[in-house]
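Asks: got a structure for you, letters missing:
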């Protein structure tokens, strides 16, 4: 993989970098999670996003729900501790709540307002 | 500020949440940094983004360069450990390198390719 790791700094995040998933067509931010070196390599090998979760380890996003994220572009920030994953979101929903994006709550100055689009019913997808 | 903190979880990040700055018109991701509770409150009070930097503490972005980020919308993700700051980027550049976005390097499969738009010369803005 050539000099893939040359631009990345896993030290500041204790072995992890922040990973932002963005819809590659609309620019919508879908979710934020983390990658370690192994999950970064798997993401590139598969062409689908594999995060690193502190609780579940290697996490091939969408493996259970079918809502995988196909990698279209990978970018890294100036100091190498965050990557931007431009993805095609299969199934249209990234969030485990069934919302399109995990960022479905907006602060209106007094309270959090739920503006998210409900794409699926999590009870049906993940079981009861 | 009502129930602002009710949706936020600072515990997982050791007092910090991940903060993504996105151009509120184009959807472009400009940078990623962190907020603590104080910097979140200052961001809302000022209407301009104030990050929390492990090295420099409270960091009113653009104070030196003039390239402040005017807050247009604040969103929080499903588990409360990341916020999305939809901003108007004054001066058009968010990165200390003078690039429009900090994510100016894209992986082409073999190497990192610099695709960023150079908006200003950092030597002129920050001095030599």
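Replies: Here it is on my side, so go on. All figures in this text were calculated on a predicted structure; none of them were measured in a lab.
Asks: what bridges to residue A:84?
Replies: residue A:20, residue A:75 (DSSP bridges).
Asks: wait, it sits on residue B:29?
Replies: Yes - under the criterion of CB atoms under 8 Å, residue A:84 makes contact with residue B:29 at 5.6 Å. Using the backbone N, CA and C atoms, a C-beta is placed for each residue, glycine as well.
Asks: and residue A:126, how many neighbours?
Replies: For residue A:126, the count of nearby residues is 12 (other CB atoms under 10 Å in any protein chain shown).
Asks: overlap in contacts, residue A:84 and residue B:29.
Replies: Listed as contacting both residue A:84 and residue B:29 by CB atoms under 8 Å, 6 or more residues apart in numbering or on different chains are A:20, A:22, B:103.
Asks: which of those residues has the largest number of neighbours?
Replies: residue B:103 leads the shared contacts of residue A:84 and residue B:29 on contacts (other CB under 10 Å) with 28 neighbours.
Asks: for chain B, what's the nearest residue on chain A?
Replies: Chain A approaches chain B most closely through residue A:27 (2.8 Å), counting by CB to the nearest CB.
Asks: skipping adjacent residues, who's closest to that residue in space?
Replies: residue B:27 (2.8 Å; CB to CB, 6 or more residues apart in numbering or on different chains).
Asks: the one you found and residue A:65, how far apart?
Replies: For residue B:27, the distance to residue A:65 (CB to CB, to the nearest Å) stands at 25 Å.
Asks: can I get the shared contacts of residue A:84 and residue B:29 in CSV with distance to residue B:55 and pLDDT?
Replies: Below are the shared contacts of residue A:84 and residue B:29 laid out as CSV (distance: CB to CB, whole Å; pLDDT from 0 to 100):
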residue, distance to residue B:55, pLDDT
A:20, 22, 98
A:22, 27, 98
B:103, 21, 98
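Asks: need those in JSON lines (columns: distance to residue B:117).
Replies: Shown next, in JSON lines, are the shared contacts of residue A:84 and residue B:29 (distance: CB to CB, whole Å):
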{"residue": "A:20", "distance to residue B:117": "19"}
{"residue": "A:22", "distance to residue B:117": "18"}
{"residue": "B:103", "distance to residue B:117": "12"}
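Asks: any idea which of those is closest to residue A:55?
Replies: residue A:20 (19.7 Å; CB to CB).
Asks: ok, now which ones touch the closest one?
Replies: Going by CB under 8 Å, 6+ apart, the list of residues near residue A:20 reads A:29, A:31, A:32, A:82, A:83, A:84, A:85, B:20, B:29, B:32.
Asks: pLDDT score for residue A:1?
Replies: Note for residue A:1: predicted pLDDT of 60.
Asks: oh, that last question was meant for residue A:56, not what I typed.
Replies: 88.
Asks: any idea how far residue A:63 is from it?
Replies: On the measure of CB to CB, residue A:56 and residue A:63 end up 11 Å apart.
Asks: ditto for residue A:113
Replies: From residue A:113 to residue A:63 the distance is 32 Å (CB to CB).
Asks: tell me which of residue B:27 and residue A:65 has more neighbours.
Replies: Neighbours per residue (other CB under 10 Å) separate residue B:27 from residue A:65, with residue A:65 holding more: 17 against 14.
Asks: for the closest residue to the more buried one other than its chain neighbours, helix, strand, or coil?
Replies: Using CB to CB, 6+ apart and skipping the chain neighbours, the partner closest in space to residue A:65 is residue A:125 (4.9 Å). Here residue A:125 is recorded as helix under DSSP: H, G, I helix; E, B strand; the rest coil.
Asks: thought residue A:125 was touching residue A:95?
Replies: No - here residue A:125 lies out of contact with residue A:95, judged by CB under 8 Å, at a distance of 11.3 Å.
Asks: show me what contacts residue A:4?
Replies: A:40, A:41, A:44, B:107.
Asks: buried subset of these?
Replies: A:40, A:44, B:107 (16 or more other CB atoms under 10 Å in any protein chain shown).
Asks: for chain A, which helix is longest?
Replies: For chain A, the longest helix by residue count, based on DSSP state H, is helix A:37-46.
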